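Asker: Give me coordinates for this.
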Amino acid sequence: MKKIVFFLFYTNLIFSQELSSENFYWPFYHSQNIESVIGVKKCYIRQEPSLNGKLLDSLSIGYKVNVLENTTKTTTINGLNLSWVEIEYIYNSEIKKGFLWKGCLALGVSKRNGVVFLTTIDSKFTKKIKEGGFEYSPHFCNISVKAVNQNYKLLDTFTIAKQLDESMFFENSTINGWGLKNVNSIYRISLSGEACGIPTYHYYFGWTGKKILLLPQKYQVGDAGIFYHTEEFIFPNEKKGEQNTIIKQIIEAEIIDENIADNKFLVKKELEYYSWNGMTFKLIKTKKIKPYIQIEN
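Answerer: Got it, this is the predicted structure:
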């Protein structure tokens, strides 16, 4: 089933991104007149939706464009089979139209204290993994988080490789540094699926004013009232927070008997403590809480 997707520039609004094993559908698959932003250092605008199309202009990272329409023309670059979109943009005070490959657009954008944080998917590849006597080759994607100033200058980039085969939705937001040493603000991206049992992953990055730093990640998953797994962070400036420490609270719950009217869950709770030295984190200890029974409506 196709989805209608909405994207508002410089907001923390969630938007959808459909994903299959063959293609990523950036958030402009069915929508028209959607404002977006260039996500790569330099993007070439063509007269036709093709790499062979006449070159019209080149736009820098952070440049705003208006996506008019998604075309049926596709091109595979770095393993990503994506369509071309027709855009409208202002160049030298002139309103112009052209085409760009969709991989040049940012998935999400968030702005804080004069810095623009954006996310792009740069490439797709397979990797052989051996586990439990089996070998398989899942798809991975290089996901980049970028910091850009108001003059369209790229300040820093941090790239992670993750599996996205079951991910359908993307969200991004920025918050303050919550007392973390050397961190001015925190940028978070989230990737999730639409079915029960598919995890939602949250990736956190700290911004020092010059560099993007990797913070611990968390995830959550559940299945129709049968079980759930949640993870929450406690940062230094939050209630029960500790200096130079990131605490992750992990809760796992599983229903005791599906045939009983009362939804009784066996709940297991664990705390992970990560030290933070202003640049990197390290797991230093874990604390298990005695399991208990909880009745949920």
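Asker: the strands in the stretch 1-150 of the chain, which residues?
Answerer: 15-16, 18-19, 24-25, 34-37, 42-46, 55-60, 64-77, 80-91, 94-101, 108-112, 115-126, 129-131, 134-136, 139-148 (DSSP state E, counting those that start in this stretch).
Asker: Sort out which residues of the last one are buried, please.
Answerer: Think strand 139-148. 140, 141, 142, 143, 144, 145, 146, 147, 148 (16 or more other C-beta atoms under 10 Å). Using the backbone N, CA and C atoms, a C-beta is placed for each residue, glycine as well.
Asker: Equivalent analysis for the fifth one, please.
Answerer: For strand 42-46, burial by neighbour count (16+ other C-beta under 10 Å) applies to 43, 44, 45, 46.
Asker: Residue 127: which of those residues is nearest?
Answerer: Set against residue 127, the nearest of the buried residues of strand 42-46 by C-beta to C-beta is residue 43 (28.0 Å).
Asker: so what's the closest one up against?
Answerer: Taking C-beta atoms under 8 Å, 6 or more residues apart in numbering, we find residue 43 in contact with 58, 59, 60, 61, 63, 100, 104.
Asker: Now which of those residues would you call buried?
Answerer: Buried among the contacts of residue 43 (16+ other C-beta under 10 Å): 59, 61, 63, 100, 104.
Asker: I figured the third one hits residue 37, correct?
Answerer: Yes - in this structure, residue 63 is within contact of residue 37 by C-beta atoms under 8 Å, at 6.8 Å.
Asker: picking up where we left off before, can you tell me which of the contacts of residue 43 lies nearest to residue 245?
Answerer: residue 61 (34.7 Å).
Asker: The closest residue to residue 241 other than its chain neighbours - how many residues pack around it?
Answerer: Using C-beta to C-beta, 6 or more residues apart in numbering and skipping the chain neighbours, the partner closest in space to residue 241 is residue 234 (5.2 Å). Using other C-beta atoms under 10 Å, residue 234 has 18 neighbouring residues.
Asker: The one 4 residues further on too?
Answerer: Residue 238 has 13 neighbours, counted by other C-beta under 10 Å.
Asker: ok, now which ones touch it?
Answerer: 178, 179.
Asker: Can you list the low-confidence ranges for this protein?
Answerer: Scanning the chain with the threshold set as pLDDT under 70 gives 1-32, 165, 195, 258-261, 297.
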